[in-house]
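Starting from these lines, generate the structure:
(chains A, B and C)
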Amino acid sequence: MEAGIRPHPQNYSRKEKSLGLLCANFITLYNRDGVDSVGLDDAAARLGVERRRIYDIVNVLESIGVLSRKAKNRYRWIGFSGIPKALADLKSEALREIAGGGSPGILPASDDEEEFKPPPQASADDLPQGKSRSAENRREKSLGLLTQSFVKVFLTSEVSKPKVETISLDEAARLLLGDGDSSTMRNNAAKVRRLYDIANVLSSMKLIEKTQNSESRKPAFRWIGAIGKPIQEEAVLGKQKNKRAFGTDVTNTEIKKGKLASPPAEGKQRKTVALRSKTEDLKECNLAASRQLLRGNKGYAFGPFCPANAEEKKPGEEDEGKATLDWEAMAASLHPRYHNQALGELFAHYLEAWKSWYAQLAQDGQMEHLCRAADQPICVGENQGV
DNA sequence: GAATCCCGCCAACAG
DNA sequence: CTGTTGGCGGGATTC
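Below is the predicted model of the structure:
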């Protein structure tokens, strides 16, 4: 099998196409006021990637509570504010599983989230398990569930006896093997590959960080999403000679042999928004930006970086107030949900950490430039194409 | 050489 | 059937 044609651009750099970077751009693009809906086509076009990649990102982000599926081709943007709740749910669920004994694998027993998701048919229980079987089987291996399982490992690490501070993807893969029987090495390797994808996105969300076992030099990941720790605020990047604005869209396309592999004009005649020919410059900008973001810490620099470039352009702090408002509102709405002491404290931690974090992200400073590519707000809420 | 993980084929899944 | 989702793993890149 010749598999596929491999164009070999001599200056090809896989780092420029990393999921982490794409995720960062995705966040930058949609984490802003007025955004509440995300269209897959729109995202793919503006980020300059094939649809397939958008699915990867969207799936893991959804499992973290940043997005929620609204309809075909459409997701609802929730933003960082959705993370705490999602993690809290994940954690309580994980603890419950552990208490139940057995393996904390990916059991289809529990639902991912307790929220919506009840089968479309409310009063119809005639569905035979024939079809849902395969459907469920497929979902069992979904990136989303894998992500949640992976996250659970970290969320429960503090109560674990060995106290899992860092784990290698290989360990994680072994730990997350759904069924114990099919623990093939082949199978495990495949799962590891998926975990790499997930780790990239999670890293760019600053929920985890790549490190290495202090002793065994082996690469591993550590949770930095603030569970017990005070989330490192090193996210401040505007410390060097900021180029002041890499005023360009986040497009990072390579300008395919003509156009994106998008389906034949399905109804929208615009869409030719991005796709410029000066890709070189864009690449430069993106790389420069990432370089800067990564700076300040060790030389580890895992591909991804922080979601939004919190560049300060004014010493104002009203933003924080605004962010706080959201948080309080959310906290209020969630309050009745958590009565446990433990969960309450946990949530308090999330609040604290995320508040400061979010404050930085809140300032969508130069991000405006990123939006200028389109001639309208990101929210493309019409177009009910048929 | 090992670790990382992008690319995109193509199978499930709606409609 | 057409279009949407998204497993899955070959093999290129990077470390």
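
which residues in the stretch 1-150 of chain A form strands?
Taking DSSP state E, counting those that start in this stretch as the criterion, the stretch 1-150 of chain A carries its strands at A:37-39, A:67-71, A:74-77.

The last one - contacts with which helices or strands?
Other elements packing on strand A:74-77 under the criterion 3 or more C-beta pairs under 8 Å, 6 or more residues apart in numbering; DSSP states H and E are strand A:37-39, strand A:67-71. To be clear about C-beta, it is placed using only N, CA and C from the backbone, and glycine gets the same treatment.

Could you give the average pLDDT over that strand?
The predicted model assigns strand A:74-77 a mean pLDDT of 94.

likewise the second one?
With pLDDT averaged residue by residue, strand A:67-71 scores 92.

Against which helices or strands is it packed?
Counting contacts by 3+ C-beta pairs under 8 Å, 6+ apart, the secondary-structure elements packed against strand A:67-71 are helix A:51-63, strand A:74-77.

out of the strands of the stretch 1-150 of chain A, nearest to A:R138?
The closest approach between A:R138 and any of the strands of the stretch 1-150 of chain A, judged by C-beta to C-beta, belongs to strand A:67-71 at 15.6 Å.

That closest one pairs with which strands, and in what direction?
Taking DSSP bridges as the criterion, strand A:67-71 sits next to strand A:74-77 (antiparallel) in its sheet.

tell me which residues in the strand it pairs with are buried?
Neighbour-count burial for strand A:74-77 flags A:74-75, A:77 (criterion: 16 or more other C-beta atoms under 10 Å).

wait, does it contact DNA strand B?
No - interface with DNA strand B: strand A:74-77 contributes nothing (C-beta under 7 Å from any atom of the strand), its closest point being 11.7 Å away.

Which residues does that strand contact?
Outside of strand A:74-77, the residues within contact range by C-beta atoms under 8 Å, 6 or more residues apart in numbering are A:30-31, A:35-40, A:58, A:62, A:66-70.

Of these, which is the most crowded?
Neighbour count (other C-beta atoms under 10 Å) singles out A:V66 as the most crowded of the contacts of strand A:74-77, with 27 neighbours.

My read is that that residue contacts A:K85, right?
No - if you go by C-beta atoms under 8 Å, A:V66 and A:K85 don't touch, sitting 10.9 Å apart.

quick one: the nearest residue to A:Q148 once chain neighbours are set aside from DNA strand C, how far?
Spatial nearest neighbour of A:Q148, chain neighbours left out: A:S63 (4.9 Å); criterion: C-beta to C-beta, 6 or more residues apart in numbering. Remark: distance between A:S63 and DNA strand C (C-beta to the nearest atom of the strand, to the nearest Å) = 10 Å.

cool, and A:A86?
Using C-beta to the nearest atom of the strand, we find A:A86 at a distance of 17 Å from DNA strand C.

try A:A24
Taking C-beta to the nearest atom of the strand as the measure, A:A24 and DNA strand C are separated by 17 Å.

With A:F26 instead?
Following C-beta to the nearest atom of the strand, the distance that separates A:F26 from DNA strand C is 14 Å.

And for A:I57?
With the distance defined as C-beta to the nearest atom of the strand, A:I57 ends up 10 Å from DNA strand C.

surely that residue meets A:S18?
No - because the distance of 11.2 Å does not satisfy C-beta under 8 Å, A:I57 is recorded as not touching A:S18.

So which of those two has more stuff around it?
Using other C-beta under 10 Å, the more surrounded residue of A:I57 and A:S18 is A:I57, with 26 against 20.

Look at the closest residue to the more buried one other than its chain neighbours and say how many residues are nearby.
By the measure of C-beta to C-beta, 6+ apart, the closest residue to A:I57 outside its immediate chain neighbours is A:C23, 5.2 Å from it. The local packing count at A:C23 equals 27, with neighbours defined by other C-beta under 10 Å.

For A:C23, give me the pLDDT.
Reported pLDDT for A:C23: 94.

What of A:V159?
69.

Which residue would be the closest one in the stretch 1-150 of chain A to DNA strand C?
Of all residues in the stretch 1-150 of chain A, A:S142 sits closest to DNA strand C, at 3.1 Å by C-beta to the nearest atom of the strand.

and that residue, what are its phi and psi?
Taking degrees, to the nearest 10, you get phi -70, psi 150 for the backbone angles of A:S142.

And A:L202, how close does it get to A:Q10?
32 Å (C-beta to C-beta, to the nearest Å).

Between those two, which has more neighbouring residues?
When A:L202 is set against A:Q10 and neighbours are counted by other C-beta under 10 Å, the residue ahead is A:L202, at 27 against 4.

what pLDDT, on average, does the helix or strand containing the more buried one get?
With secondary structure defined by DSSP states H and E, A:L202 is part of helix A:185-204. With pLDDT averaged residue by residue, helix A:185-204 scores 91.

circling back: quick one: residues contacting the residue nearest to the residue of the stretch 1-150 of chain A closest to DNA strand C when sequence neighbours are not counted.
Taking C-beta to C-beta, 6+ apart, and ignoring the residues beside it in sequence, A:S142 has A:N59 as its nearest neighbour in space, at 6.8 Å. Taking C-beta under 8 Å, 6+ apart, we find A:N59 in contact with A:142-144, A:147.
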